[in-house]
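**Q** What follows is a predicted structure for the sequence shown.
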Amino acid sequence: MTFAVMPALRLGTILSLAAVALVSPALAGPAEDFIAGQTKDCPGCNLADKNFAGRDLSKANLSKADLTNSNLTGANLLAADLTGATLDQADFTQAKAAGLKLGGASLNATTFYLANLSQADFSGASGQNVSFTRTNLTRARFDNADLFYTQFGDAVLGGASFVNTQLSGSKLQQAVLSRVDMTGVILEGADLTRANLRNAILKGGLLDGSDFSGADFSDADLSGADFSNSRLLSAALLNANLENTVFGGTIMPDGSVHPVTPAPATAAGTSDAK
């Protein structure tokens, strides 16, 4: 009987150990540990379609993680690191995320409605149809980002940086953009009606075909900016620096249309209108 029972005992022991290993928390993967709230760090993890609403993720390391379509409404992301993360269609509504790092992140249709993103870093981020409506973006950085058709309506962006940023087709109606640095920004076909751009820098910006009706450019640096075919109806330009600013075909504050300035003559003696 000894020889008949021992193999069965050994097999039972092996199966029991295997079952324990499968459920042992110590052997769970980093994504499972993060979802269970056992860690705040999960760089490169697949966390798509998950619910982290209201979660404390302050100082979390989620660099290069996939959070596509995840719910982070009301989450605490203070000083968290989402550098290079995929955040397409994720929802950060009312998130507390001052100092959040999002450099190089993918932000297609991402929502940041009413979130606090003061001093957040979006440098090099890319996406379309991002919503920053009524968001606090004071002193945030968007340098070299590509954010087409983005919504900034009623957002607070005082002191933010948009150096060489692509924002064509974006909506910034009534946005607070005082003291922003938009050197070299591309804002073609954008809507900045009634935006506050006091003391802003738009030096060398490409603003073709945009609507700045009722905007306030008082004391702003608009040197070298191209406002061709844009609307400046009722805009304030008090003490603005207009050195080498282009207004060809622009509707000026008084309703008049600025004449198109002919381009310099070519070697063949012809010229192209601008």
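**A** Okay, I see it. Numbering: from 1, shown residues only.
**Q** For Gly99, pull up the helix or strand it's in.
**A** Following DSSP states H and E, one finds Gly99 outside all helices and strands.
**Q** which residue packs closest to it, ignoring adjacent ones?
**A** Ala79 (4.2 Å; Cβ to Cβ, 6 or more residues apart in numbering). Where C-beta positions appear, they are placed from N, C-alpha and C, glycine not excepted.
**Q** these two touch, right, that neighbour and Leu117?
**A** No - using Cβ atoms under 8 Å, Ala79 makes no contact with Leu117, being 11.8 Å away.
**Q** ok, these two, which is more surrounded?
**A** Taking other Cβ atoms under 10 Å, Ala79 and Leu117 do not tie; Leu117 has more neighbours (28 against 15).
**Q** who's in contact with that one?
**A** Contact analysis of Leu117 by Cβ atoms under 8 Å, 6 or more residues apart in numbering lists 95, 97-98, 100, 132, 135-137, 140.
**Q** count of residues packed around Gln89?
**A** Neighbour count of Gln89, defined by other Cβ under 10 Å: 17.
**Q** what's the answer for Gly37, then?
**A** 11.
**Q** Just to be sure, it is in a helix?
**A** No - under DSSP: H, G, I helix; E, B strand; the rest coil, Gly37 falls outside any helix and is assigned coil.
**Q** Not counting its neighbours along the chain, what's nearest it?
**A** Nearest residue to Gly37 in three dimensions, chain neighbours excluded: Arg55, at 7.5 Å (Cβ to Cβ, 6+ apart).
**Q** show me the contacts for that neighbour.
**A** 37, 72, 75-76.
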